[in-house]
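Novice: I'd like to go over a predicted model; first the sequence, then the structure.
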Amino acid sequence: MIYAMSDIHGQYEQFLTLLEQIGIRKEDTLYILGDVVDRGPEPMKILKYMMAHSNIIPIIGNHEVMALPNLKLLVPEVSRNFLDKLPPKVYRDFDNWTQNGSTSTIQDFRKLPQEERHQVVEYMKSFRPYGKEIVNGQEYWLVHAGLDHFSETKRLEEYSVEDLVWTRIDYEIPYFDDIIVVSGHTPTQNILGNNRPGYIFKANHHIAIDCGAGKSNGRLAAICLDTGKEYYAR
């Protein structure tokens, strides 16, 4: 079986609850479509769990794109005047990340021994830009956010990471008639016309699976591509 989940955002207990509901086996595959880190309290526990399970395929999200260069800086112990020593662009990038929910990630990361910090950074560097599967004869593209600079003739391999992690999809418009795009990034509470906000949204050859984990009206979600079954934890 092939499963997909997205935008865990440090919600480790919800993550474990969802895995228990799924009853995932070694022969199954779980795609995690990015944004494992930031906002929630325990992103490092989630990353370490993922690292220990080779049947979990990590796809990079915009929060990993923001976090990774900054976490590299935090592998060694940092001094009190750490921010003062950063070059202007690096400082701006670090500041932008801190305004997008990085505090819990920084705190959790700095609790790790230095060798584990290095291992986490190396693992995050291995995150893939996308996934592609054919299930029951249906082709699925799995990405964090969407397909910026879209063209029907463009192969998935031709999209850059930036194209795949930042764009907001218009879910009223299908990308394709024969390919289903599975994405996170945009909480389903924010999809216009969605009569089930906070639950998985399916329309126009889209499956949106960011259900706002950590929000008061949200939950963590997963879907089985083989059966269409939905799973939720909050």
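Specialist: Sure thing, it's come through.
Novice: all contacts plus neighbour counts: C-alpha atoms, from now on.
Specialist: OK.
Novice: ok, now which ones touch the residue nearest the centre of the chain?
Specialist: Taking CA atoms, centre = their mean, the centroid of the chain lies closest to G34, which sits 1.4 Å from it. Residues in contact with G34 (CA atoms under 8 Å, 6 or more residues apart in numbering) are S6, D7, I8, P58, I59, I60, G61, N62, H63, E64, H144, G184.
Novice: so what does the second one have for phi and psi?
Specialist: When quoted as degrees, to the nearest 10, the phi and psi of D7 stand at phi 50, psi 60.
Novice: does it touch R39 like I think?
Specialist: No. D7 is beyond contact range of R39, at 10.4 Å (criterion: CA atoms under 8 Å).
Novice: okay, the two: which has more neighbours?
Specialist: More crowded of D7 and R39, by other CA atoms under 10 Å: D7, with 29 against 21.
Novice: how about the nearest residue to the more buried one, chain neighbours excluded?
Specialist: Leaving aside its sequence neighbours, D7 sits nearest to D35 (CA to CA, 6 or more residues apart in numbering; 4.6 Å).
Novice: what of Q138?
Specialist: That would be I179: by CA to CA, 6+ apart, it lies 7.1 Å from Q138.
Novice: ok, that neighbour - how many residues close by?
Specialist: Counted with other CA under 10 Å, I179 comes out at 15.
Novice: do the same with the one 10 residues further on
Specialist: The tally of other residues near Q189 (other CA under 10 Å) stands at 20.
Novice: got it, and the one 4 residues further on?
Specialist: Counted by other CA under 10 Å, the residues lying close to G193 total 10.
Novice: might one say that L30 is in contact with S6?
Specialist: No. At 10.4 Å, L30 and S6 do not qualify as touching, with contact defined as CA under 8 Å.
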